[in-house]
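A.B. asks: Any chance you can model this:
(chains A and B)
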2 protein chains.
Amino acid sequence: MGIDEGNGAVAVLRSLVAGHARICFANPGTTELTLVQAMADVRELKTVLCLFEGVATGAADGFSRVSGEVALTLLHLGPGFANGIANLHNARRAHSRIVNLIGDHATWHLAADAPLTSDIRSLAATVSAEVIYTGSPDSLAADIARGLRAARGACGAIATLILPTDVMDAPAPATAPATAPATAFVSGDPGDGTPRPVPAERIADVAQRLCTPGEKVILLGGAALGEAGIRAAERLARRCGARLLMEPYPAIVTLGGGLPRIERQAYFPDDVVRQMGEATVVLAGARMPISYFGYEGWPSQLVPDARLALLSEAGEDSVAALAALADLIGGVAGDLPPWPAAPATPQGLNAAAVVEALLPRLPADAIISLEGSTLGGPWLREAHRAARHQVMTNTGGAIGQGLPCALGAALAAPGRRVVSLQSDGSAQYTVQALWTIAHERLPITVIIAANHRYAILQTELRRASADLTHPAIAGMTVLDTPATDWVALAAAYGVPALRVNAGDELGVALDSALACEGPMLIAVELP
Amino acid sequence: MGIDEGNGAVAVLRSLVAGHARICFANPGTTELTLVQAMADVRELKTVLCLFEGVATGAADGFSRVSGEVALTLLHLGPGFANGIANLHNARRAHSRIVNLIGDHATWHLAADAPLTSDIRSLAATVSAEVIYTGSPDSLAADIARGLRAARGACGAIATLILPTDVMDAPAPATAPATAPATAFVSGDPGDGTPRPVPAERIADVAQRLCTPGEKVILLGGAALGEAGIRAAERLARRCGARLLMEPYPAIVTLGGGLPRIERQAYFPDDVVRQMGEATVVLAGARMPISYFGYEGWPSQLVPDARLALLSEAGEDSVAALAALADLIGGVAGDLPPWPAAPATPQGLNAAAVVEALLPRLPADAIISLEGSTLGGPWLREAHRAARHQVMTNTGGAIGQGLPCALGAALAAPGRRVVSLQSDGSAQYTVQALWTIAHERLPITVIIAANHRYAILQTELRRASADLTHPAIAGMTVLDTPATDWVALAAAYGVPALRVNAGDELGVALDSALACEGPMLIAVELP
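C.D. replies: Numbers count the residues shown, from 1 in each chain, chains lettered A, B, ... in the order given. Okay, here's the model as predicted:
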């Protein structure tokens, strides 16, 4: 044992660093200790301790969304990995590039069915494009190259490497793996994240569809929601009189600072159907509009095939396709469709007041991690009025993503302010993220919408005409007995915090928090 | 929609209640809302809201260990279930009886691959003896009977029912399912938890082994660790001069109050080998001694086959077998082997001091939920000196079990004091349990061993001669920057708390906490 320059664990970390991985979000256990010791030898890899695995996987997701790079996680056997699945589910939907390292029992110890033995492969397969069991030191180099290549495909993806302790402890050449990935990348699928070009015929087909009269919507998703994609889409929209929409849950979208306002696809199927009207819907990196859940009386698919025009899907070069489409259509640039005037300044303390207070204060180039509908909906409606910023949303619906994603984003983009707009119910699932945020002294401003209830469930129950006051139903949706004290909770983890009880306290609280070099949490007590 | 006396959701809950389920630990989402509405109609079922799924599954485990009954969970799709897997892993190792209810998308909506769609069956199969997809209202009654029967087999087990929203919303007969389970139980495997009898020949074989000269160990596990099993084992041990040992991680063991002291199987393989010496090891409901992890130079199996004598395994009637074996051996009852004298009262504030302070104060019939080696080892060494109590341990090694298990135990045994002896690192994984403990006003005394480090990892690293002070290694094992403020954390969730900074404060703190009708947390700041 001991720190060995030439063991499997050192070779793993060296190979990953040679393959341009530079950060690992870790919650190790005994089966990962040779890898922990190897961290002492491979200091090029930044390691970030998380107190719960869902924090590690969510942080890896946030890091990858902001940087476009591969983020690593280090997790403990099947149960540790299982704790990270929910946020890997979101990461998979976000096409984030993640390589999970899971320490496993020694190969020869599996048959003993020791207490922590479980079916890691089945768990990992539910969220991973590749699950690789590294059963021998000889395959280390190739296995890591394969994992990195899978994560860096045209579509970002998750790869999971299962690393038995005996293979990590075994002697392994320290140099061969370090160079192997670089050569492995050039064969076959490049595995460098280059998107596939969109065939010219498809662009021509969509151009033809857009030249016929009628309502048009350009639905942007994925990479089309970066600045270049939005600018290209704006040029296109002005030429063909289309409305610009964004997919409902973007992995990361650039907004504000003079970029055109983009309408977000609605949540409930009836609203989506109304929103899409009779328009031809051009899909640029976005999936076709479907219902989030299956509601009786509404189909899954909310726009019929005949009105869908696929320009590009995930993994394809949506930005170039939008630009080429705008060129092809040519013509005169008109105005974008008008929007209703901004709402009047809201009275009292509510979600709109929080948004109005933040809009003028958000620093340029900020990154917002947005989880929950309480602040999420209002922010995305008004975000075009803020300085240029990026917003990450919950792509897969597995809650507990917001705080970890903010943490990962802050580590991916030093110098940029990160704001976590966070519902209180979902914050609970990965609340331990606050510790790592304090530990790393990250410039994250957390705004908790503390309404002490599962508001989304109450909304759904109201639509189903349920009696929200019935004790059985209130017992599953109201969280006010006791009401979590978010100021105490943040302080417990070393994050200074303020409570806001009235609308006119918002500005001062935000000024303090945004001036703070490190993290600060604002608990907004919503009625 | 709306509350419908005759829909699938009502039929599900009625059938479960008819099948003697009486509690459900829930963290519902949109796909479970028809089941939430049905809770208003089926008030015989107690429903307990948890703020994280790992709390719900751990609480179900604790409830089942203490009551022997089936506990239900209600979880949200694949990601919600995934968050519950770690504690289901422990529950599976404990042979707890759990039926998970997972709301799923409408059957017709799965093909749309909506954001929350994932492979629930593969996730569930890793911890469940049965995974049942209820695709139609017609199969509801049979599916629920099958799930309950699997959970109530001779070996307790986990069954998982996947319940699509359209099946829950559909009309379903409210009476047929309610009676079906009762009749279904009588056919085939009784599914009522009756253990299988141990064949007489096997008992005779073991008797013969015990009548040969040499060292003997009786290793107790499972139901053999209840009072009747221990008394029978004691009688047997006195007759054949054997030492009594318990498996290292019992699901629930009865100790103290005049019961003989039982040595716990050690953790590290070298210690186990030393402990077992040259003894013949009788396995009474326990698995053969294996290494917890695979260490180079030590085998998985720590006692050779030739020295193992299998009396009974999980699902078999260990208690009757031990009694029969004692009868068969007959002879004169000797003394049990002597133990070293109790240690002197420890100086300062350390784990031994916590144990010494608690020993005389533990109320009779208390239940201890024990997680982590800091307090766990010392308690189990001295527990025979306390009043009669039961101890639950972490059976599967997936950490984050202690607080939820305490919560479930308190609901299973009203009137009994529950004490959670809890390491700080593992408490973080399901810290949200504190909210439900406060919400339900449960008589749980939580004692946090706040050493602000992963002590078990440091122990393992020391054995591997690693440099604990190296920043990369300390960064993965030391949690003191910042040190979690457990008093603030408990208060944030509505649990009153005290901090103990010196050994002489322990007694007063314990007296306050144990006198408290509801919960109280003591943060013991260990050096």
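A.B. asks: Can you report phi and psi for the residue in the stretch 201-350 of chain A that chain B sits nearest to?
C.D. replies: Per Cβ to the nearest Cβ, A:Gly294 is where the stretch 201-350 of chain A lies closest to chain B, at 2.9 Å. Heads up, the C-betas are built off the backbone N, CA and C, glycines and all. Here is the backbone geometry of A:Gly294 (degrees, to the nearest 10): phi -90, psi 110.
A.B. asks: For the stretch 251-400 of chain A, what lies in contact range of chain B?
C.D. replies: When proximity is defined by Cβ under 8 Å from any Cβ of the partner chain, the stretch 251-400 of chain A lies next to chain B at A:290-294, A:296, A:300-301, A:395-398, A:400.
A.B. asks: Now do the same for the residue of the stretch 201-350 of chain A closest to chain B: its pLDDT.
C.D. replies: For A:Gly294, the pLDDT comes out at 97.
A.B. asks: swap in A:Gly334?
C.D. replies: So, for A:Gly334, pLDDT stands at 86.
A.B. asks: Look up phi and psi at it.
C.D. replies: The phi/psi pair for A:Gly334 (degrees, to the nearest 10) is phi -90, psi -170.
A.B. asks: residues contacting the residue nearest to it when sequence neighbours are not counted?
C.D. replies: The shortest distance from A:Gly334 to any non-neighbouring residue, by Cβ to Cβ, 6 or more residues apart in numbering or on different chains, is to A:Arg238 (5.4 Å). Contact analysis of A:Arg238 by Cβ atoms under 8 Å, 6 or more residues apart in numbering or on different chains lists A:Ala333, A:Gly334, A:Asp335, A:Leu336.
A.B. asks: Could you look up the SS state of A:Arg238?
C.D. replies: Look at A:Arg238: counting by DSSP: H, G, I helix; E, B strand; the rest coil, its state is helix.
A.B. asks: The nearest residue to A:His389 once chain neighbours are set aside: how many residues sit nearby?
C.D. replies: In this structure, A:His389 finds its nearest non-sequential neighbour in A:Ala366, 4.4 Å apart by Cβ to Cβ, 6+ apart. If you count neighbours by other Cβ atoms under 10 Å in any protein chain shown, A:Ala366 ends up with 24.
A.B. asks: go on, A:Gly415?
C.D. replies: 7.
A.B. asks: The one 3 residues further on now?
C.D. replies: Counted with other Cβ under 10 Å, the neighbours of A:Val418 add up to 28.
A.B. asks: wait, doesn't it sit right on A:Val446?
C.D. replies: No. At 9.1 Å, A:Val418 does not count as touching A:Val446 under the criterion of Cβ atoms under 8 Å.
A.B. asks: ok so, going back, just the buried members of the contacts of A:Arg238?
C.D. replies: A:Leu336 (16 or more other Cβ atoms under 10 Å in any protein chain shown).
A.B. asks: for the contacts of A:Arg238, which one is nearest B:Gln390?
C.D. replies: A:Leu336 (69.1 Å; Cβ to Cβ).
A.B. asks: phi, psi of that closest one?
C.D. replies: Here A:Leu336 shows phi and psi, under degrees, to the nearest 10, equal to phi -70, psi 150.
A.B. asks: Ok, A:Ala483 next?
C.D. replies: According to degrees, to the nearest 10, A:Ala483 has phi -80, psi 130.
A.B. asks: mind checking the SS state of A:Leu489?
C.D. replies: helix.
A.B. asks: these two touch, right, it and A:Val431?
C.D. replies: Yes. Contact criterion Cβ under 8 Å: A:Leu489 and A:Val431 qualify, at 6.8 Å.
A.B. asks: mind showing which ranges of the stretch 51-200 of chain A have poor pLDDT?
C.D. replies: Scanning the stretch 51-200 of chain A for pLDDT under 70 picks out A:174-190.
A.B. asks: That one against chain B: which residues are in contact?
C.D. replies: Listed as neighbours of chain B in the stretch 51-200 of chain A under the rule Cβ under 8 Å from any Cβ: A:51-52, A:54, A:78-80, A:82-83, A:85-86, A:89, A:93, A:105-106, A:108-109, A:111-112, A:114-116, A:118-119, A:122-123, A:125-127, A:165-166, A:169.
A.B. asks: From the residues you listed, which land in strands?
C.D. replies: The strands, defined by DSSP state E, take in nothing from those.
A.B. asks: What remains of these if I keep only buried residues?
C.D. replies: For those, buried by 16+ other Cβ under 10 Å: A:51-52, A:54, A:78-80, A:82-83, A:85-86, A:89, A:93, A:105-106, A:109, A:112, A:114-116, A:118, A:122-123, A:125-127, A:165-166, A:169.
A.B. asks: which one's the longest helix in chain A?
C.D. replies: Criterion DSSP state H: the longest helix present in chain A is helix A:77-93.
A.B. asks: now the helices for the stretch 101-250 of chain A?
C.D. replies: A:120-125, A:140-151, A:165-169, A:176-184, A:200-210, A:227-240 (DSSP state H, counting those that start in this stretch).
A.B. asks: Roughly how far does the residue of chain A positioned farthest from its centre sit from B:Gln301?
C.D. replies: If you look at how far each residue of chain A sits from its centre, by Cα atoms, centre = their mean, the farthest one is A:Ala112, at 38.5 Å. To B:Gln301, A:Ala112 is 7 Å away according to Cβ to Cβ, to the nearest Å.
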